[in-house]
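>>> My questions concern the predicted model and sequence given below.
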Amino acid sequence: MPDGALPVLDVRGLKTVFRTRGGEVHAVNSVSFMLRPGELLGVVGESGSGKSVTMMSLIGLLPSPPAEVRAGQVMLGDRDLLKIGPRALQDVRGAKVGFVFQDPMTSLNPVFTVGSQIMEPLMRHMGMNRAEARKRATELLALVGIPDAQKRLKAYPHQFSGGMRQRVMIAIALACDPDVLIADEPTTALDVTIQAQIIELVKDLRQKLGMAIIWITHDLGVIAGIADRVMVMYGGQVVEQAPVAELFADPRHPYTRALLKTIPSLTGERGARLQVIEGQPPIMTAEPVACPFRARCAHAFARCEAENPQRRAVDDRPVGLGHDVACHWSPEGV
Amino acid sequence: MLDASPLPLVRVRDLKMHFPIYAGLLRRRAGEVKAVDGVSFDIMPGETLGLVGESGCGKSTVGRALLRLYTPTAGSVVIDGEDVATLSPEALRKKRPTMQMVFQDPQASLNPRMTLAAIISEPLDEHTDWSGERKLDRVHELMDQVGLNRAFANRYPHEFSGGQRQRIGIARALALNPKFIVCDEPIAALDVSIQAQVVNLLEDLQERLGLTYLFISHDLSMVRHIADRVAVMYLGQIAELSPRDDLYARPLHPYAQALLSAVPEPDPVREATRKRIILTGDVPSPANPPAGCNFCTRCPKVFDRCRVEEPRLAEVEAGRFVACHLYGDTNKTAG
Amino acid sequence: MLTFTLRRLLLAIPILLVISLVIFLLVDLAPGSPMAEIPLTVPPDVRQKMIEALGADQPVFVRYLLWLKQFFWIEPMTLYDGWFGTSIVEGQQRILSWQSRSPVFTIIGQRLPQTLIVVGTAYLVGIMIALPIGIYSAYRQYSFFDQVGTLFAMIGFSVPTFFSGTLLIIIFAVWLGWFPTKYDTMLEVTDWQSFLQQVKQMALPVMTLGLANAATISRYMRSSMLDNMTMDYVRTARAKGMDEKVVVLRHVLRNSLIPVVTVIALGIPSIFGGAIITENLFGVNGIGAALIGAIHANDLPMVQTLAFIFAVLIVLFNLIADILYGLLDPRIRYD
Amino acid sequence: ERGTDGEVKLTFPQAVSIMNPYLTGGTKDIYAASMVLEPLAGLTPEGVLIPKLVTEIPTKENGGISEDMTSITWKLLPDLKWSDGTAVTADDAVFTWQYCTDPAGGCSQATKYEGVASVEAVDASTIKVTFSGPKANPYTAFVSALAPLLQKKQFEACLGAAAPTCTDANNMPVGTGPFMVTGFTVNDTVQMAANPNYRDPAKPAFATAVIKGGGDAEGSARAVMETGEFDYAWNTQIPPETQESMKAAGKGEFVVAFGTLVERIEMNTTDPDPALPEGERATAKHPHPILSDIKVRTALSKAIDRSILVEVGYGAGGKPTCNVIPGPEGWASDNEGCIAQDMEGAKALLDEAGWKDSDGDGIRDKDGKKLHILYQTTVNPIRQDFQALIKDWWTELGVDVELKAIDPGVFFGGDPGSPDTFQKFYADVEMYANNSESPDPESYLGQYQCKNAPSPETQWQGENINRFCTPEYDALYATLATTTDIAARQEIAKKLNDMVTKDSMIVVPLVHRGTLSAHSNSLGGVQINAWDSEMWNAADWFRVK
Amino acid sequence: MTDASAARSKPASPLRDIWSQFRSHKGAVFGLCVLGFLIVAVLIGPWLWVPEKLTVAQAIKLKNQGPSFRFPLGTDQLGRDMLGRMLLAGRISLAVGMVAMTIAIVFGTLIGILAGYFRRLDGPLMRLADMFLALPLIPLLLVMVMLFRDRIASLIGPELGAFTLIVCAIGITSWMATSRIVRGEVLTLKEREYVIAARSIGVRPKRIILRHILPNVVSPVMVAATLGVADAIITESVLSFLGLGFPPDFPTWGRLLYDGLQYMQVYPERVVWPGLAISLTVLSVNYIGDGLRDALDPRIRGR
Ligand SMILES: Nc1ncnc2c1ncn2[C@@H]1O[C@H](COP(=O)(O)OP(=O)(O)OP(=O)(O)O)[C@@H](O)[C@H]1O
Ligand SMILES: Nc1ncnc2c1ncn2[C@@H]1O[C@H](COP(=O)(O)OP(=O)(O)OP(=O)(O)O)[C@@H](O)[C@H]1O
Ligand SMILES: [Mg+2]
Ligand SMILES: [Mg+2]
């Protein structure tokens, strides 16, 4: 991964809120990250930490109302996706940015054939005619490992198993050779042998097609297997970000550290009890003024109450490119 | 192991659950989906039996048939001395507090129109005559137990993230202090920090209340942590049933081997070097299972006999039951 | 699919027989007699003779059996004779209207075209107005357009056709003089001129009925669209970068149309049944006008036959709606 | 000149069902048929007989009627042809008589041939009708639109039970009238063309005629008076206000035919109390507890202001009346005593009868029984207005009035199983209209004979709705049946009229109603007629240029 | 932010929640106000607005007047005060509309739920619905009225009897659409996991239906209810027109509308008032239904 390459996606200070009856929910607070070409960025974090909302905010997929992107910049190449307006955004979605959602059962339209759903973006973005699109769709299906692709184009989603549907979703997302593929927990609804198939597939495709990928998941095992870099989110914020090996070897944020300890292993020692992170995730009804993790943090001190920590680099690489963390505390001492 | 120990809490014998397919002019039965086709196992009091297997292999169906949410086609399910499979509706209802379930899909298993408090207290409404105050206390207690903020009591399911929703489901199952809980992939949608809490919680509860679990999951590392014994299911049948440590150390059935190798490890170094057995193809349809061994269509070690003769679940080592011709004919069979 | 259809058709036969009996008894029990329109100056004994001549003095069951025979044997055979020049049932009494002494089926044959043209056009027009309104109202829920659409629909429901029809007559026929108020059933469309005239004379009844139809269907369309608008696949379509138009008009609409199409199919029998008040108001000599006339004149054979045909259509279109559902929704397959 | 004026378009609120007047009672059918089928003689608007297919009206003077009044002989016009070109002969008349008197045929005009012993064809053009006894009014058979001539050739196969099955003949009868049927849609449209064999070569002026049916009175009137789509609308009974506004459009005019139609209130002389056992309820066994007293009946009549009723309900289409036989001239009694409302007199009468408001609740009572009256009629906007007004007046008298409106199909249906028929009369008073179909009211007056009272024994059939029964009336009526002198008959009729109205107040006439029809200004020659079909002179109609 | 030891929060009353959401629905509030106004008007109106007592002769002179201070809505062809009649008519029409609609809805929902939930009842009940759909309405009503009018009238008096009969007649001839829709919904709801979850807790069918199924069929039922009110009011007018309805001196909106038709051209206000009243009622019921549907759905309520 050439460190100096220009990022394909550069997100700065993204803020998204939901207006609800109970007031505003600040789901995403000043999230910044960048994605370099060909890189696979893993995003982990607690449920509700704003992973999905962040990604959907990027390309305007959140229903508005209630969602509102308050601030930030999403540079895809040299364009700010938050500024270009809905029409231009449509040209980006599916073409430059592909999206794979968590639930393959409901994410495909039940009344259209799989083929037509794959062909749609091809005809929309690549200007293909039907025949071309069909040909390409067949290739795509074969690419994602569905045998007998020609015939399967005519099948309806309900005739596919969950794993196959997820492959179809991936085929759709890949259809127009996007620069960025965002996969929002693509394997959570599947089980391990199928998950293994999908992961192999994505690895394979990445090698062949060389696009940048954002992979959201709960599963640190999956991240360990495929990611180049990892971004850890908590309470709507990025709390730590590092190359995958560094993160697993030297986690800096108390949350990341705790997280890594909670996971049972398939092969290692089997402890009597799993490590847990005590306490509850924060309720994000106001703009955060303090560290969102402080209530559950073993190392919290006065400053954590008073000031929301900024991301700082752990070493000499700039924030966002190397290893950085948003914490007032550091293992070496404050 | 099956006959040496005291009386099992749950004793399943040759459980079959066939869903009929109707066809024809007079809606005759035209065939069946053999979702579960002859499953036998015991669960000792206080034990956790892990049930793993691919999607659609019939894990949930086993779980539901155990609780008589489906009426089994054949077989018996003796829970705490009573055959649940044949109980009368009223007796069954009385029996329900003993056996509970945590569901797979946290979104779908919660009524979107009920508040969290109402959902959790529903079993209490049904089976106790407690005062509102007392129920509320219990609800709050349960919410604490499963790690839900008390302030959420009046929220609706859609206002929670996936993980939080599942904890509501667990709280509901715990409400009546059951003896036996079927956990149908209860942690699948939870994030890791919560998974740990929940699993610890389940373990605590087991310790404190002597609960017995059937723990259905596809997270093999978690099953390793929580289960005492593990049954690996494939296409409506049990492929291997072994004590946990034996299984993870040395899986016998080719399917169990593939499954274990597919589990990702949260360690980039080891992940990079590990060898996986990637199975090809999908599970055959349970309405039309292959002749011979169920796994023969995907098995990397398949040989001729597999395609004609169905292997029986047999004890090949002490306490280890496998249904595979690789291990030859053995004398003892389970059940 | 075929067997499903056949099975349903077979099942329909006993139901229809029961319905026919119930209708017969009901119509018969209803007070009033075919002599009500006879002037009071006709003395009772003459009335009695007239009733005997009609066969109206026979016991109910005799008349029912006769009617059954006429309906299921003589009438179809008459048709057969007419086609093939045979004379299987020549001379046997067909179902005769008490009011006009003409065969009921001849009258229906004369009237059906008018009903189909006028009421059918109105239904089409109604659908054509309703769908866009429903779609847009749902897409912009609570917008000004939605509110106006709602208002329009509500007015459509709440204004009886006798009122809206008269209002349209006063505006378009009396004040503006654009359209005639009486439908000329003898008009034959031969050239442009007569076609224009036909269009003109259909304008008012079609407007009256179209308004009422559009109101209902647009409501269904709206709510069905709203249901589908929040589905996951809609998000997928947006993520693919599809135009808003494609998302709404292809993905959402196609799914939303499934229930609406069945509702539309269920409404089709009412086309055959005619629009009683509207037909009467504009002098369209359709089935509806025939029915109300027959009811007023206590023309039992006519009422009975029409009601039964109507029942057959309802049963039939229920089946068609089911089949349509299966055709439109690939998830549903009737075995 | 025949056929030069194009098309004449008529509209009827009720559509034509059948073109054979012998198989229908519906006025709409009879009127439509009258443009095609003709009787031997018709009646003028004045109620005078005129020859149609015959050379002259037979009388005793010209020898057409036998001295003993037992036979009448008609002579057909020479060279008379059916519209299909065949000759009209006396055989057709004989056949027509056979047709209507066949017991299995259910002929609705059977009364027209009542008392006819035989009809013979003396020769090809001479018809002799013989009665079973002396017939005071011999002009019933083959007279007026109700009893026209049928063509034997066409109807020969339709005698008796076969009558209803002859659909073609019933719908498209061959006639001698100015028009012949060219197209017939049941309950919708009758299409007609000028009869090429009509006896007057210059008539009719119109080449074709159309009768479109259906809708309501208002729509029919509008189609003539406002939109001008039609030339003639029959029976356009609409409120006076609407009449005025339609007239203002200037496209046509309303015409009224006054026959003998009288809107009246009938008083029940028997007790309709639901508490009475079925079979005794509303029978002569139990006289009415309130209305048996003539004072009460008179008081109720006096309280009504008939001119207001006319103004509200009919306008030019009605006149206040106190008679059941309000016309024609000569037959009507000059009784006008009820026209002026007399509220005070009515109150006094009730006081006198012992009905006093003893408890001050505004309702009179006697012996602890309230003066409560159930007042029923059919559903009809004008009748409901009348009910409202009359209820007001009666309430002012101190009567508690309960109203009920019944579907006309049920009310007039005569179904013995229904409690709501006018014959059963399960009410204290009821309102409807009735008329004599011919100027001579003999059969009409016969209604009030004792024997005609409906009762369970007669399956509740019978025209003596009030169960009025006095020997004097029956006796006087018997003399009417044998009196042949017109003047004497008229005297008797007036007496009979008075007996049921002003003398007994059994029948309380309200309004003498005309039938209101509308014709466009461009239709000439319309002469409205209450005694025969309104289209009686359709041959003379023409387009005003 | 997080406060695990938060003072125990009483469960907020769901009614209050629903009400607060309902209040935020402008249309619903409008509907409630209009309907409330109409109901209050017809309930206490006849006491507040007592039309002058006129003799027939006086009244006739004042017939067909336009609106004025003396007669705010004008007079009819008999010189009766229209406002007074509208108010009286509204009482009956509103009552008939609401009660008949309620009967139809309750009946339809009940049958729909039974058919959808209990497999064995499905066939028979749906055939019953088919049959009712196929029956000719007018003869059916005629028979019902013939058979029962006198009996009911002798029990509870002519007016109340007519009311009961009409309301029942309309109710039991208009439940079919609702029951079909409800059945369809129930069939899918029954397989939802939360219903299975409830079964696994041992919740009795009655409570499953009440708690889990019923609230989820509210929205289609609301639509049906809206249509039901309008239908009932209009059917009542048709019944009155056929002589099956109330005694003729009882005005109803439907009847006033029908009566006014004849005068529509000359005195358009005669049809405008009852027409407006019916439309307003239907419109407000619709909006209330909309609001209620949203208010009852927590997913929407959240917005
Ligand atoms: N429509 C909505 N209305 C209100 N709040 C919302 C809505 N959608 C999301 N949120 C809130 O936004 C926050 C972030 O949600 P998000 O879905 O991004 O979490 P996540 O990290 O993707 O969680 P998971 O792993 O469970 O998918 C959560 O607190 C959630 O409650
Ligand atoms: N009600 C039913 N009717 C017919 N077939 C059914 C029914 N329920 C389940 N099946 C079938 O039975 C088989 C086993 O289903 P089951 O839900 O038990 O699988 P599972 O192992 O729980 O899968 P997952 O991991 O996806 O939950 C599947 O093929 C399924 O299609
Ligand atoms: Mg998410
Ligand atoms: Mg499962």
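In hand now; what should we look at? Ligands and ions are numbered 1, 2, ... in the order given.

>>> Assign whichever residue of chain C sits closest to chain A to helix, strand or coil.
Here chain C gets closest to chain A at one residue, residue C:241, 3.2 Å apart by CB to the nearest CB. Every C-beta, even on glycine, is put in place using the N, C-alpha and C of the backbone. Here residue C:241 is recorded as coil under DSSP: H, G, I helix; E, B strand; the rest coil.

>>> looking at it, it is touching residue A:94, isn't it?
Yes. Assessed by CB atoms under 8 Å, residue C:241 is found in contact with residue A:94 at 3.2 Å.

>>> Find residues that contact each of those two.
With contacts taken as CB atoms under 8 Å, 6 or more residues apart in numbering or on different chains, residue C:241 and residue A:94 have A:121, A:124, A:125 as neighbours in common.

>>> can you put those in CSV and add distance to chain E, neighbour count and pLDDT?
Formatted as CSV, the shared contacts of residue C:241 and residue A:94 follow (distance: CB to the nearest CB, whole Å; neighbours: other CB atoms under 10 Å in any protein chain shown; pLDDT from 0 to 100):
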residue, distance to chain E, neighbour count, pLDDT
A:121, 30, 27, 87
A:124, 30, 22, 85
A:125, 32, 22, 86
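
>>> ranges for the strands of chain B?
Here chain B has its strands, by DSSP state E, at B:10-23, B:28-43, B:48-53, B:74-79, B:82-83, B:99-102, B:180-184, B:212-216, B:229-234, B:237-243, B:314-317, B:320-322.

>>> Direction included, what does the fifth one pair up with?
Sheet neighbours of strand B:82-83, with direction, are listed as strand B:74-79 (antiparallel) (DSSP bridges).

>>> contacts for the strand it pairs with?
B:9-16, B:38-40, B:65-66, B:68, B:83-86, B:95, B:98-99, B:180.

>>> Narrow those to those that are buried.
The neighbour count (16 or more other CB atoms under 10 Å in any protein chain shown) marks B:9-13, B:15-16, B:38-40, B:65-66, B:68, B:84-85, B:95, B:98-99, B:180 as buried among the contacts of strand B:74-79.

>>> in chain D, which strand has the most residues?
As assigned by DSSP E, the longest strand anywhere in chain D is strand D:252-267.

>>> Just list the residues touching residue A:314, thanks.
Residue A:314 sits next to A:242, A:252, A:322, A:323, A:324, A:325 when contact means CB under 8 Å, 6+ apart.

>>> low pLDDT regions in the stretch 151-300 of chain C?
C:273-274 (pLDDT under 70).

>>> Tell me which helix or strand the closest residue to chain D within it sits in.
In the stretch 151-300 of chain C, the residue that lies nearest chain D is residue C:285 (3.4 Å; CB to the nearest CB). Taking DSSP states H and E as the definition, residue C:285 sits outside all helices and strands.

>>> quick one, what contacts it?
C:110, C:111, C:114, C:183, C:185, C:279, D:15, D:185, D:187, D:188, D:189, D:214 are the contacts of residue C:285 under CB under 8 Å, 6+ apart.

>>> which residues of chain B score low on pLDDT?
Along chain B, the model assigns pLDDT under 70 to residues B:1-6, B:22-30, B:161-163, B:189-191, B:193, B:328-335.

>>> Helices along that one, start to end?
Shown for chain B, the helices assigned by DSSP state H span residues B:59-66, B:89-95, B:116-127, B:132-146, B:162-174, B:192-209, B:220-226, B:244-249, B:254-262, B:268-273, B:304-308.

>>> okay if I get those helices as CSV plus distance to chain D?
Shown next, in CSV, are the helices of chain B (distance: least, CB to the nearest CB, whole Å):
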stretch, distance to chain D
helix B:59-66, 60
helix B:89-95, 50
helix B:116-127, 53
helix B:132-146, 55
helix B:162-174, 60
helix B:192-209, 72
helix B:220-226, 77
helix B:244-249, 83
helix B:254-262, 78
helix B:268-273, 85
helix B:304-308, 76
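
>>> before we move on, the earlier item: quick one: which of the shared contacts of residue C:241 and residue A:94 sit in helices?
Of the shared contacts of residue C:241 and residue A:94, the ones assigned to helices by DSSP H are A:121, A:124, A:125.

>>> so which of those residues comes closest to chain C?
residue A:121 (4.4 Å).

>>> Surely that closest one and residue A:172 touch.
Yes. Taking CB under 8 Å as the definition, residue A:121 is a contact partner of residue A:172 at 6.5 Å.

>>> Any residues of the stretch 101-250 of chain B in contact with chain E? List them.
Proximity of the stretch 101-250 of chain B to chain E, by CB under 8 Å from any CB of the partner chain, involves residues B:101, B:103-105, B:108-115, B:117-118, B:122-123, B:125-127, B:136, B:140, B:144, B:149-151, B:153-154, B:156, B:158-159, B:169, B:172, B:176.

>>> For chain E, which residue gets nearest to chain B?
Closest to chain B within chain E is residue E:202: 3.1 Å, counting by CB to the nearest CB.

>>> what are the ranges of the helices in chain E?
Secondary structure of chain E (DSSP H): helices located at E:14-23, E:26-48, E:56-61, E:82-117, E:119-134, E:137-156, E:158-172, E:176-189, E:193-201, E:205-207, E:218-241, E:253-261, E:269-296, E:298-301.

>>> Tell me which residue is most central in chain A.
Centroid-nearest residue in chain A: residue A:216, 3.5 Å away (criterion: CA atoms, centre = their mean).

>>> What residues are bridge-paired with that one?
Under the criterion DSSP bridges, residue A:216 forms beta bridges with residue A:43, residue A:184.

>>> distance of it from residue A:327?
22 Å (CB to CB, to the nearest Å).

>>> Residue D:230 too?
94 Å.

>>> would you list every one of the helices in chain D?
Under DSSP H, chain D gives helices at D:27-33, D:90-101, D:152-155, D:167-171, D:217-225, D:240-248, D:294-302, D:306-313, D:343-352, D:381-397, D:408-411, D:442-445, D:471-482, D:486-500.

>>> quick one: which of those is nearest chain A?
When the helices of chain D are compared by CB to the nearest CB, helix D:217-225 sits nearest chain A, at 47.7 Å.

>>> Could you list every helix and strand that the closest one packs against?
strand D:7-12, strand D:232-233, helix D:240-248, strand D:252-267, strand D:507-520 (3 or more CB pairs under 8 Å, 6 or more residues apart in numbering or on different chains; DSSP states H and E).

>>> Can you say which of those is packed in most?
Of the helices and strands packed on helix D:217-225, the one with the most neighbours on average (mean count of other CB atoms under 10 Å in any protein chain shown) is strand D:232-233, at a mean of 28.

>>> what about the closest residue to the residue of chain E closest to chain B other than its chain neighbours, distance to chain A?
Nearest non-adjacent residue to residue E:202, counting by CB to CB, 6 or more residues apart in numbering or on different chains: residue B:96, 3.1 Å away. Computed as CB to the nearest CB, to the nearest Å, the residue B:96 to chain A distance reads 29 Å.

>>> now residue E:275
In this view, residue E:275 and chain A are 38 Å apart by CB to the nearest CB.

>>> pretty sure that residue contacts residue C:159?
Yes. Residue E:275 is in contact with residue C:159 according to CB under 8 Å; the separation is 6.5 Å.

>>> ok, now which ones touch residue 105?
In the absence of a named chain, this looks at chain A. Residue A:105 neighbours (CB under 8 Å, 6+ apart): A:162, A:165, A:189.

>>> That was the other one, I meant chain D.
By CB under 8 Å, 6+ apart, the residues touching residue D:105 are C:49, C:53, D:22, D:99, D:159, D:160, D:161, D:163.

>>> any idea where the strands of the stretch 51-200 of chain D begin and end?
Ranges of strands in the stretch 51-200 of chain D, per DSSP state E, counting those that start in this stretch, are D:71-75, D:116-123, D:126-131, D:179-185, D:189-194.

>>> same check, this time on the stretch 151-300 of chain A
Taking DSSP E, counting those that start in this stretch as the criterion, the stretch 151-300 of chain A carries its strands at A:180-184, A:212-216, A:229-234, A:237-243.
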